[in-house]
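# coords below, sequence missing:
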């Protein structure tokens, strides 16, 4: 396979105004293509007192654009055998289209229309806001949503882009009008600090030419950087939220962590995989769920973004068992930082993680997601090709040190949400 056709590599092909264009070859024999616009339109940019604007704007991008209302756009996608999806996180908003490989140019045109000219029809705004209000209610009353909400609010100071789920509240959502959405779109969905990733059977020259023909009218306004307000020295925190009548108790335990481009990320990645990131093989799964039978789920996540990140151990248990879970989670996290990691365990986790990469190349969609990850974080074009060697070069001592520094309980926040008092026995 020629290097330029390796689906584990990307090509920084050029730019259209301020929009970076990335060409990514699809897996061999793939019959589909994908294209993603990702720009600085996450909920960290929500205007003060308007939490929820970013998520609403992002969701409405798929509800009509230009001459197409919501139904017309849906029919057009259906005729092309294509799908359209939008997603947001604290730092960015993204829109992705998938469809037949031989239609990559017209599909890129649909994506451009959606990004550049969303309609924000009043009926769609009302529908999406109503859905957001329902989600906001669930965030307050469902254990998993409430635990996430309280965890982020406790870990990060007020005003930090990571301190919110971005879903908004009843009061903030009620203040959001169509004008707020239009202004947010005009300000944030620009070519400034944005990237277009195209996974298609085309040369870099063809991809750039197609992008120029469709995205050249995108504004190039520079976007002010997200602020990350400094936080005072942290101490361990505990929060208990009693939600009587619910069937499950959700535990979140973690704290601030590492940025994606940090040179220590590979070791921190492996530390998290050992702790709870690798299904079935990780320590939390084995000790809390498999052996103890104390939880419905047990895992951990390392959310590494551009400005920083956080790690979190997450367990779902019952009202009569959650208090027995906490000491097991603490002991498991502490052990990872304090005791040598067995070579056999590290090798098993590492090779499992490496083996996941070829599986992602079985579909264009998953391969495309790898490419978007590289492009958004501005990682080297060969990052995924080099990933196996990178992980195999990490030593057990480095993993332990990474756990001590980036998955530490010393400044961690513990949140427990759910029916904290078990029902009385009859």
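Received, thanks. Owing to the predicted nature of the structure, the values given are computational and were not obtained by experimental measurement.

# going forward, measure contacts between C-alpha atoms and count neighbours the same way
OK.

# Could you list the domains of the chain?
Structural domains assigned to the chain are 3-215, 237-418, following automatic domain parsing.

# how far does the longest one sit from the chain's center?
Domain 3-215 has its average C-alpha position 12 Å from the chain's average C-alpha position, going by C-alpha atoms, centre = their mean, to the nearest Å.

# again with the last one
Here domain 237-418 shows a centroid-to-chain-centroid distance of 14 Å under the convention C-alpha atoms, centre = their mean.

# hang on, the earlier thing: export the domains of the chain to a markdown table and tack on mean pLDDT and distance to residue 229?
Below are those laid out as a markdown table (pLDDT from 0 to 100; distance: least, C-alpha to C-alpha, whole Å):
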| stretch | mean pLDDT | distance to residue 229 |
| --- | --- | --- |
| domain 3-215 | 95 | 6 |
| domain 237-418 | 95 | 11 |
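
# for those domains, which one sits closest to residue 227?
domain 3-215 (6.9 Å; C-alpha to C-alpha).

# got the contact list for the host helix or strand of residue 328?
Assigned by DSSP states H and E, residue 328 belongs to helix 322-338. With contact meaning C-alpha atoms under 8 Å, 6 or more residues apart in numbering, helix 322-338 is reached by 249, 271, 275, 283-284, 287-288, 294-295, 313, 317, 400-404, 407-409.

# so residue 129 makes contact with residue 55?
No: counting by C-alpha atoms under 8 Å, residue 129 stays clear of residue 55, with 9.9 Å between them.

# quick one: which of those two has more around it?
residue 55 (27 against 22; other C-alpha atoms under 10 Å).

# May I ask which helix or strand encompasses that one?
helix 53-60.

# Could you list the residues in contact with that helix?
Against helix 53-60 from outside (C-alpha under 8 Å, 6+ apart): 41-43, 45-47, 86-88, 93-95, 118, 120, 124-125, 128-129, 132, 166-167, 173, 176, 180-182, 184-185.

# can you give me the helices for the stretch 301-426 of the chain?
For the stretch 301-426 of the chain, helices defined by DSSP state H, counting those that start in this stretch occupy the ranges 322-338, 343-360, 364-377, 383-392, 396-406.

# Which among those helices is found nearest to residue 309?
helix 396-406 (9.7 Å).

# Identify all contacting residues around the closest one.
Contacts of helix 396-406 (C-alpha under 8 Å, 6+ apart): 256-258, 264, 267-268, 270-272, 311, 336-343, 346.

# Residue 29: neighbour count?
Neighbours around residue 29, by other C-alpha under 10 Å: 10.

# and it, how far is that from residue 118?
To residue 118, residue 29 is 34 Å away according to C-alpha to C-alpha, to the nearest Å.
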